[in-house]
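**Student:** I would like the atomic coordinates for the input below:
(chains A, B and C)
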Amino acid sequence: MLFVIWLVPLLGAILCWAFGPQLKRAAGVLGSAAIAVSFIATVASWGAATQNGGTHQFLFSWLRGFDFGLLFDPLALIWVLIITGVGFLIHLYSVGYMWNDNAVARFFAYLNFFVFAMLTLVLSDNFAGLLVGWGLVGLASYFLIGFWFFKPSAVAAARKAFVINVVGDVGIMFAIFMMFSRIGTVTYAGVFANPHALDPWLFWICVFLFIGAAAKSAQLPLHTWLPDAMEGPTPVSALIHAATMVTAGVYLVARCAPLWSASHDAQTLVGTVGALTALAGAVLGIAQWDIKRILAYSTMSQIGYMIMGVGVAAYTAGVAHFFTHAFFKACLFLGSGIIIHALSDEQDIRLMGGMRKRLPVAFWAMGFAVFAISGCPPFAGFFSKDQVIYGALEHGYVWMWAVGLITAGITSYYMFRLFIVTFFGTYRGELKPEAVGIAEESSSAAQAAGSSVIAHEHSEPHGHENGHAPGWIMAVPVAILGLFSLVAGWIMAGQNSPWARFFASSFPREALPPATVTEGVTSGIAIAMFLIGLGVAYMRYGTREALANAPARLKRESETLPAVLVNLYYFNEILDWLFVRPAQALGQFFGRWMDPHFVDGVVREIVMTNRFLGTLMRSFQTGLLRAYALIVVFGAMCFAVYYALEGAMR
Amino acid sequence: MTPYAPVAIFVAVAFAAALGFSLLPGVLAQRKPNPEKEQAYECGVEPTSSVAGRFPVKFYLIAMLFVVLDVEAASFYPWAVEMHALRVFGLIEMAVFVVVLAIGYAYVWKRKGFEWR
Amino acid sequence: MIANPYTQADWNAVIPLFIVGGAALIVLLADLVSPKYANRYVSMAIGILGLIGGGVYAGTTYGVSHNAFGGGFILGGFAVVLQEVIVISAIFSIALFGAIGRGDRIAGSVALMLWSTAGAMLMAGAANLMTIFLGLELLSLGLYCLCGLADRPTSRESALKYLILSSTASGFLLFGMALLFGATGSVTLAALTTPAVAVNPLYWLGGGLFLVGLAFKLSLVPFHVWSPDVYEGAPLPVTAFMSVVTKAGTLAVFARFAYAAIPAHASNALLIPFFIIAGISMIAGNLGMLAQTDMKRLLAYSGIAQIGYIVASLAGGTDQGVRYAIYYLVAYMFMNLGAFAIVALLSTDKEEGSSIASFHGLAQRRPVLAAVMTFFLLALAGFPPTAGFLGKILILSTNVSAGFPWLAALLIAGTAISLYAYFKVIRLMYDRHAKPQALPSVQAPLAYVSMAVCVILVVVMTFYPYTPSNVLPLVK
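**Tutor:** Numbers count the residues shown, from 1 in each chain, chains lettered A, B, ... in the order given. Next up, the predicted model:
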């Protein structure tokens, strides 16, 4: 059963790839069916994962200490459910979304391959297998971001994502090396049996693992690739850059819970990065106009929450937020995809407006999701976010608790900003771009979008017909996800919730002193923050007067956004200065001087020597039998003399 | 003196003798060549052609086949002597041996190895 | 009264040899009755089936440990594994007959190859001087003929060279055996382990000459001189066969001698010259590759170096060493036979595609073959993710841990040199400016199959590096 879950997506990928030209659009059906099979198999093997601490399937043994296998436990189950379940909905949606693309088969081959890679990542029972999956999802992400390879900006974004992800891969690789050299095994069972056997390297192992997690999950300062990755098709953004792959970092930390529980320093580090990312991402979300980029920053911010949760050892809470986030964020992306599709690939929210009447499915589904992400009870996000924020307090990190609450308010604000500007008022698509503040050079939007590395084009080149309403094939997945944005959190309510019982034996527990503020108070503050954010957004964009003057207001706002936010805290420039320029300089040094003069020189010497020696060898090879006999007999005589002497000396 | 000394002496003498016989004539002998002397010695019969001349490779084939089958006959002798001691084991062994050679014989025959072509 | 001195178990131990040898007889008989258009395939089919039968039967005896024929043939894990190596390479070699020289009868070649295989299989388990020599001669006699069977002068030249040089080496081997017998009064290898023999000068001289004989068969420097010429001249399947089977059989004898037939305190002094020439072979073999213009010659030199690696793995006499040697031997078998399969696929009816020129610009004409050839060359050079890489790593580790770091250093140096040689071929294959050549149209499904199997196994072995654990002890 485990193999069905794991390998059917791979089979789908191979079939889509091999028979692409024959399949054409049927590739979408095939690809979706593969994921559906995988999902059904997952549900069917629910018991296998939850009973007796999960199922372990031995695969094969490589060198000593490298035993590969599959581990299917509650933690893996949750991830597999999301990957295959949400993955299936997104596949289905893509059938409609990619209807007019002429490389449908390639798209679904990549998408299936991604699902396979992600399953490899979460089902592996050891760090080496995890690294394999880790690398493969990075590769799949690279393929999919650069899916429209004729767009230079897409290619550049794909490359950027890949390079930053490789930084993370190297981090994990270092961690694996250190583990292996300390205890000679890299299986989860072996490593987690006694985390303190890794001392004194335990903290550094955690740090290196977290570098991998941070790169994959877009945590500060390795987050810059995620907004650029929105160059990929929208379903890709939904699946890979919202629901699943970017949460791999959360998975890694949750999986390594025994290590984090054993290292308090690592908890503080990861919790801090998570909290800062949550805040920074939310603040950046305020200043964006591109709908997918707003969602990208919100993803970064929400993953910050998750990382904060698992970082401070509130593992159940962090995973809970992953679970709910997968639904509402996928819903937001797919909904925005419907809008983008309907508006012939327009992504700037200043040129939207009035979508409520035109796209009711998107409106309602995204509405649910916006309420969920903003933390409004009883939507899903409320329960999980609450748990994370309270978890930070419970584990003694008061400032993270405060940051979490403030971020919740900001989230509420910028999400409702997106929601109101997009769906209410009147349609502004017929206006001139300058009328809403979009200018070629000086405009903030262009600057916001264009980092020093990448020049953007905003369009997604697939729609050939102009703005058509989504057919059921795109509407149904969005509606289902919207529904889940409402209900997914209900299983987490209360002290002894099904969720808590599900993970009862998965994570190490600590005895905690009673927190200074009760959970009820935290929830109360969170709700207050939600209302404040909603209120501010309404005052600024939603009032009758504001809606009436929307173009002028948006123009004014575009011109007055703080430069530091527009320029994304100058992170791209900093990274550019710190890494790209020195690397280029180093490259220049090697290219201009080192290679031609030193390396090539040495190589030339070696080649010359080799040629000479080779010719020397050949000079013995005269082809004359008598010469050969002479050589053989000579060698034999040398042997005989040595052994005669050796024997005589005994 | 180790027990191997006689062996060593024997080897040395043999070596010296062989060397001596091949080197001494060159030193001692007087050379007065004439055409008669230069001729190959053929048991007093007048030589008709050069000894290095060619002859058909067919002889080799026949000779080789003869040797192979001759070995067959030769191995019957020891078996015949010890036949009663070897009993059934020996009989089977010999039967296998004969069958193997028979297959070879059949192969050569069918491939026309015995024909003088 | 000489009743049957041997038990049923003794005979069972050599049944695989009988199956293989018997299959050769059937090949000959079948050839007499099969029609002209089918005789090649009949011969190949019977030969391969016989080998499979022998291999499968040998496989069923894995795990059995039996000292057959009073110590003449030791059946155990080691013998079985080596026999399987020999049988598999013989199968692959026979498969190559499908690709070369259409129209000729090959029953004789196949039969001789099967008998040689039986000889090598005997060597795999031989544990007294008599059976070793019997196996070696059975192996070699077939090869003398096989080398000369191609219809070209170089083939006959190669047969003659091999005959004369090999019998010289056999002479040394036999002389060494005689001295060993003189020293111990027994022909079993087990008798050599008595510590008392180590003070006997005859033992030393005998051991030395015995090793000379083995070094010749393994083609270690300086006893390698025959191999490039013989490989070049011999028919392609025979070359492929020699490059693995001869070496596997001889390696079995050497391993048994080195591991089980030497008093512990004499081991180092007795074997060190052998390991030194193995080390020299790594360097010299790879250097020799540099100036070659014929693929078979190139692979001959490559084999000299590769066999040096394998022998080096046995240095120190560790359990690990023999397991890694087997691993690398199996890897070498697949890499090497895969490369030969490609040479066979480039052959035309008239000539074998072994000249380097036929590889020039191959990537344009036969991109798949070029890619696969690149794969095998990289594997031979030791690139990950191939078994060649892992095998070298394993041998390095065992060399270092067994106290032979200089062998490890030579291995690394040899590998570095070999990169240049292998890449020369790869570069040639991917030369864009090559003159277009006529495409040989080869219809040899078996050669394609064996090529594909080799590729798969070379990769699989990397990720599933199983090294058989019950190969020791080699001698009871």
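
**Student:** so which strand or helix has residue 371?
**Tutor:** Unless you meant another one, I'm taking chain A. According to DSSP states H and E, residue A:371 maps onto helix A:360-374.

**Student:** my question was about chain C
**Tutor:** Of the helices and strands defined by DSSP H and E, residue C:371 is found in helix C:367-381.

**Student:** hmm, back to that, how far off centre is the helix holding residue A:371?
**Tutor:** Put simply, helix A:360-374 sits 23 Å off its chain's centre (CA atoms, centre = their mean, to the nearest Å).

**Student:** circling back to that earlier point, give me the mean pLDDT for the helix holding residue C:371.
**Tutor:** Helix C:367-381 shows an average pLDDT of 91 in the prediction.

**Student:** could you do stretch C:211-227 as well?
**Tutor:** Stretch C:211-227 carries an average pLDDT of 91.

**Student:** what is the least confident helix or strand in chain A?
**Tutor:** For chain A, counting by mean pLDDT, DSSP states H and E, helix A:444-449 ranks last in confidence among helices and strands (a mean of 39).

**Student:** in the helix or strand just after the helix holding residue A:371, what counts as buried?
**Tutor:** Sequence-wise, the next helix or strand downstream of helix A:360-374 (DSSP H and E) is helix A:380-394. Buried residues in helix A:380-394, counting neighbours by 16 or more other CB atoms under 10 Å in any protein chain shown, are found at A:380-394. Placement of C-beta: from N, CA and C, glycine included.

**Student:** and helix A:380-394 with helix A:360-374, angle?
**Tutor:** Per axes from the mean of the first three to the mean of the last three CA atoms, to 10 degrees, the angle that helix A:380-394 makes with helix A:360-374 is 10 degrees.

**Student:** and the residue nearest the centre of chain A?
**Tutor:** By CA atoms, centre = their mean, chain A has its centre lying nearest to residue A:246, at 1.7 Å.

**Student:** how near is residue A:297 to residue A:408?
**Tutor:** Residue A:297 sits 15 Å away from residue A:408, taking CB to CB, to the nearest Å as the criterion.

**Student:** can you tell me the SS state at the residue nearest to the centre of chain A?
**Tutor:** Using DSSP: H, G, I helix; E, B strand; the rest coil, the structure places residue A:246 in helix.

**Student:** residue of the stretch 51-200 of chain C closest to chain A, please.
**Tutor:** Residue nearest to chain A within the stretch 51-200 of chain C: residue C:199 (4.6 Å; CB to the nearest CB).

**Student:** where does the stretch 201-350 of chain C come near chain A, residue by residue?
**Tutor:** Contacts of the stretch 201-350 of chain C with chain A, taken as CB under 8 Å from any CB of the partner chain, map to C:201-205, C:207-209, C:211-212, C:215-216, C:222-223, C:225-226, C:228-229, C:269-270, C:273, C:277, C:284, C:287-291.

**Student:** repeat the analysis, applying 7 Å as the threshold.
**Tutor:** C:201, C:203-205, C:207-209, C:211-212, C:216, C:222-223, C:225-226, C:228-229, C:269, C:273, C:284, C:287-288, C:290-291 (CB under 7 Å from any CB of the partner chain).

**Student:** doesn't residue C:434 lie inside a helix?
**Tutor:** No - according to three-state DSSP, residue C:434 belongs to no helix; its state is coil.

**Student:** residue A:297 and residue A:408: which has the busier surroundings?
**Tutor:** residue A:408 (30 against 24; other CB atoms under 10 Å in any protein chain shown).

**Student:** give me the mean pLDDT for the longest helix seen in chain B.
**Tutor:** The helix that spans the most residues within chain B, counting by DSSP state H, is helix B:83-110. Averaging pLDDT along helix B:83-110 gives 86.
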